[in-house]
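# Fold the following and give me the result.
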Amino acid sequence: MPNVSEFSTFLLLGFSDQFEQNMLYFTLFLVIYIAALIANALIILAVSFHQQLHKPMYFFLVNLSVVDLGSISVTIPKAMINAFLNSREISYYGCITQVFSLFFFLISDLFLLTGMAYDRYIAICDPLHYESIMDRKACLQLAAIAWIIGFLYSALHTCSTFAVTFCSNVVNQFFCEIPQLLKVSCDNSYLIEVGVILFSAFIVFGCFSFIIVSYVQIFKSVFRIPTSQGQSKAFSTCIPHLIVVSLFISTGSVAYLKPTSDFPSNMDTVITVLYSVVPPLMNPIIYTMRNREIKVALWKMFKCDITSRNLSLLFISKWFSNIKVLFLERKTNFTNRWHNESK
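Here you go, the predicted structure:
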């Protein structure tokens, strides 16, 4: 990579020159980051420790939570550090790591959502063969395909992006984003940018088409269910997935298909936050709201936690009571002995 010697660092978009505003952004990002970590970690723990959730749908949900944890950890911590230190710098290799990691998690996310659509299609349209089709091996293969494609795709785009020579090291975004990096390249990046957009659009359109076709068949099968209770149960597993897919594809498409501007704007920052921060935060909330099994598992976790805390407090209180009794007994013995000796 010949441009390593030209720029050892990139300058990211600063939030503000005022310390108070930077602290406000730092606090906001910290709250969002902690909320996303807790929400996704609870999903992972609930599925891992409850046998009734060891099903293909929840297996993919755990993978989705891992991806969400990874994607939000790529951008937010660095933005928080820069806001706290009032800095804009990121190293050249740090920028490469951000680009690679973000695309790795985003594309893995897309293919996991596609795999989840296939899982719902088999579960509702072919329930008699569901267990034989979506067995452990099939789930592991689908998840592995998602992760491998994410790795290859991110490697391709990272190499093509950093193969160019940069005329400036000023990136008009709060993290290293491919459209903004291509904007400051010296080479004629038109063909690269068109190639990136076309290839990304092809992948997104292919996955989105598969999801749409799957759900057309799913809804046909659901409307043939004779009871409203059966329809409601089927919809409760499908609607959250559709909301998550819509949120992911709509925010990502707007962010990467909109024309890049020469000057930073608040709208660009808002759109970037929508696709890089909001989905990892909202996905576990969306899945939890309409899923009774997840709610029950989380309630059991909290109940066990409260019970264990109560038992711990009870143990501690009894321990202190025993110490108090022992202390009083020794004090009484000492007092009696002192009286006897004084006589």
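# other SSEs contacting the helix or strand hosting Gln180?
Taking DSSP states H and E as the definition, one finds Gln180 inside helix 178-183. Packed against helix 178-183 by the contact rule (3 or more Cβ pairs under 8 Å, 6 or more residues apart in numbering; DSSP states H and E) you find helix 92-125, helix 136-162, helix 190-223. (Glycine included, C-beta is placed from N, CA and C.)
# Give the next helix or strand downstream of the first one.
For helix 92-125, the following helix or strand on the C-terminal side (DSSP H and E) is helix 130-133.
# Surely Tyr25 and Asn82 touch.
No: look at Tyr25 against Asn82 with Cβ atoms under 8 Å: they stay out of range, at 9.4 Å.
# Looking at those two, which is more packed in?
Applying other Cβ atoms under 10 Å to Tyr25 and Asn82 shows that Asn82 carries more neighbours, namely 22 against 18.
# Helix or strand: which one has that one?
helix 56-85.
# Could you check how far that helix is from the centre of its chain?
Centroid displacement of helix 56-85 relative to its chain, using Cα atoms, centre = their mean, to the nearest Å, is 4 Å.
# Flag every buried residue along it.
56-76, 78-80, 82-84 (16 or more other Cβ atoms under 10 Å).
# Show me what it is packed up against.
helix 19-49, strand 89-91, helix 92-125, helix 136-162, helix 266-276, helix 278-289.
# most tightly surrounded among those?
helix 92-125 (a mean of 21; mean count of other Cβ atoms under 10 Å).
# pLDDT on that helix, on average?
Per-region confidence: helix 92-125 scores 92 on mean pLDDT.
# repeat for stretch 268-287
Per-residue scores along stretch 268-287 average to 83.
# Could you export that stretch as CSV, CA atoms only?
What follows is stretch 268-287, C-alpha atoms only, in CSV (Å, rounded to 0.1, in the frame of the first residue of the first chain):
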residue,chain,number,x,y,z
ASP,A,268,-25.2,13.1,6.9
THR,A,269,-24.3,12.5,10.5
VAL,A,270,-27.9,11.6,11.5
ILE,A,271,-28.2,9.2,8.6
THR,A,272,-24.9,7.5,9.6
VAL,A,273,-26.0,7.2,13.2
LEU,A,274,-29.3,5.6,12.0
TYR,A,275,-27.7,2.7,10.2
SER,A,276,-24.6,2.2,12.4
VAL,A,277,-26.1,2.8,15.9
VAL,A,278,-29.9,2.4,15.9
PRO,A,279,-30.2,-1.2,14.6
PRO,A,280,-27.9,-2.7,17.2
LEU,A,281,-29.8,-0.9,19.9
MET,A,282,-33.3,-1.6,18.6
ASN,A,283,-33.0,-5.2,17.4
PRO,A,284,-33.1,-6.9,20.8
ILE,A,285,-35.9,-4.6,21.9
ILE,A,286,-38.0,-5.4,18.8
TYR,A,287,-37.5,-9.1,19.2
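# would you turn the helices and strands packed on helix 178-183 into JSON lines with distance to Ile32?
Formatted as JSON lines, the helices and strands packed on helix 178-183 follow (distance: least, Cβ to Cβ, whole Å):
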{"stretch": "helix 92-125", "distance to Ile32": "17"}
{"stretch": "helix 136-162", "distance to Ile32": "23"}
{"stretch": "helix 190-223", "distance to Ile32": "25"}
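# Roughly how far does the residue lying closest to Gln173 once chain neighbours are set aside sit from Thr269?
Nearest residue to Gln173 in three dimensions, chain neighbours excluded: Gln180, at 4.7 Å (Cβ to Cβ, 6 or more residues apart in numbering). For Gln180, the distance to Thr269 (Cβ to Cβ, to the nearest Å) stands at 11 Å.
# No further questions, thank you.
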